[in-house]
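Asks: What follows is a predicted structure for the sequence shown.
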Amino acid sequence: MPTTARTLATGALLALGLAAAPAAATAADAPSADPTPERIAEIERYYESGAWKRDADAVAARALRQLRASVRRAREPRRLVAVFDVDDTALSTYDCMKAGFFTDGRRTACVVTGPHTAIAGVLKLFRYAQQRRVRVAFVTGRPEYVRTLTLQQLRRAGFRGRYQLLLRPSDDRRHSVVPFKSSARRSLQRGGRRVVLNIGDQRSDLAGGVAQRTFKLPNPMYTLP
């Protein structure tokens, strides 16, 4: 890894305060920080069999139906807000995580180095929101100082056009992202706007309220508080 990327990765690890959760019983839940070979094989089967894509597509399709219904009911769709997480919601890190055996520290390196591919159902949801003039906001636990990098990654994956990108302040050392993310969503409701949809891959992406409907994508690779 080049020196600049290595420096960013180290700083991102400290700023993100990453922590993995204990292993769970199903493929949709997260492994420990040091997954066993059996757990690694389970994760790989879930993705490479097509099961993860089917599950993710189903969640994104439900979110799209909900957003369409909200747009139909709204007198001014531009006052509606759709909130998206970035990592493993808009952008998949699976290929990068697999190369590092799904370890906790690998996730931070993957944020910086990629590769990143769009999650197709979420990209479709994003494009529908833009077409209908719904305000789109990405709310991510990535630190503020990787803003330019994040914008580049989103653009390369097909997330183009107008949207807001809200990143966690680089001096926020709280263990959980919930206070930051819920506060960010609250700020998006100023001026009579309403967050009608919030989609993420972590329960912490969705906790704290401030959204009419929430949608959770499956992520067996890690859990963030």
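Replies: Yes, it's here.

Asks: rest of the way, CA atoms for contacts and neighbours
Replies: Fine.

Asks: Now Glu76. Its backbone dihedrals?
Replies: The phi and psi values for Glu76, taken as degrees, to the nearest 10, are phi -130, psi 90.

Asks: Over to Arg135?
Replies: Per degrees, to the nearest 10, the backbone of Arg135 is at phi -70, psi 130.

Asks: how many neighbours does it have?
Replies: 22 (other Cα atoms under 10 Å).

Asks: so it bridges to which residues?
Replies: Val81 (DSSP bridges).

Asks: what residues are up against it?
Replies: Contact analysis of Arg135 by Cα atoms under 8 Å, 6 or more residues apart in numbering lists Arg78, Arg79, Leu80, Val81, Ala82, Ala129, Tyr163.

Asks: and of these, the nearest to Pro37?
Replies: Nearest to Pro37 among the contacts of Arg135 is Ala82, at 38.1 Å by Cα to Cα.

Asks: my guess is that closest one contacts Asn198, does it?
Replies: Yes - using Cα atoms under 8 Å, Ala82 is in contact with Asn198, at 6.1 Å.

Asks: If any of the contacts of Arg135 are buried, put those into a ChimeraX selection.
Replies: Remark: buried members of these, expressed as a ChimeraX selection using 16 or more other Cα atoms under 10 Å:
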select :78,79,80,81,82,129,163
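
Asks: Adding distance to Gly141 and pLDDT, write the contacts of Arg135 out as CSV.
Replies: Shown next, in CSV, are the contacts of Arg135 (distance: Cα to Cα, whole Å; pLDDT from 0 to 100):
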residue, distance to Gly141, pLDDT
Arg78, 26, 95
Arg79, 25, 97
Leu80, 23, 99
Val81, 19, 99
Ala82, 17, 99
Ala129, 22, 99
Tyr163, 17, 98
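
Asks: Could I get the contacts of Arg135 in TSV, plus columns for distance to Arg135?
Replies: Converted to TSV, those look like this (distance: Cα to Cα, whole Å):
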residue	distance to Arg135
Arg78	6
Arg79	7
Leu80	6
Val81	5
Ala82	6
Ala129	7
Tyr163	7
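
Asks: and which of the contacts of Arg135 is nearest to Asp34?
Replies: Nearest member of these to Asp34, counting by Cα to Cα, is Ala82, at 34.6 Å.

Asks: quick one: that closest one and Ala137, what's the gap?
Replies: From Ala82 across to Ala137, the span is 6 Å (Cα to Cα, to the nearest Å).

Asks: Pro37 too?
Replies: 38 Å.

Asks: can you confirm Thr89 is in a strand?
Replies: No - the assignment for Thr89 (DSSP: H, G, I helix; E, B strand; the rest coil) gives coil, which keeps it out of a strand.

Asks: contact partners of stretch 166-175?
Replies: Against stretch 166-175 from outside (Cα under 8 Å, 6+ apart): 15-17, 137-145, 147, 180, 184, 225.

Asks: So which residues of this protein form strands?
Replies: Ranges of strands in the chain, per DSSP state E, are 80-84, 91-92, 117-118, 135-143, 164-168, 194-200, 214-216.

Asks: Identify, out of these, the most deeply packed stretch.
Replies: Of all these, strand 80-84 has the most neighbours on average by mean count of other Cα atoms under 10 Å, namely a mean of 25.

Asks: Who are the packing partners of it?
Replies: Taking 3 or more Cα pairs under 8 Å, 6 or more residues apart in numbering; DSSP states H and E as contact, the helices and strands that strand 80-84 lies on are strand 135-143, strand 194-200.

Asks: That one vs strand 194-200, what angle?
Replies: Relative orientation of strand 80-84 and strand 194-200, computed by axes from the mean of the first three to the mean of the last three Cα atoms, to 10 degrees: 10 degrees.
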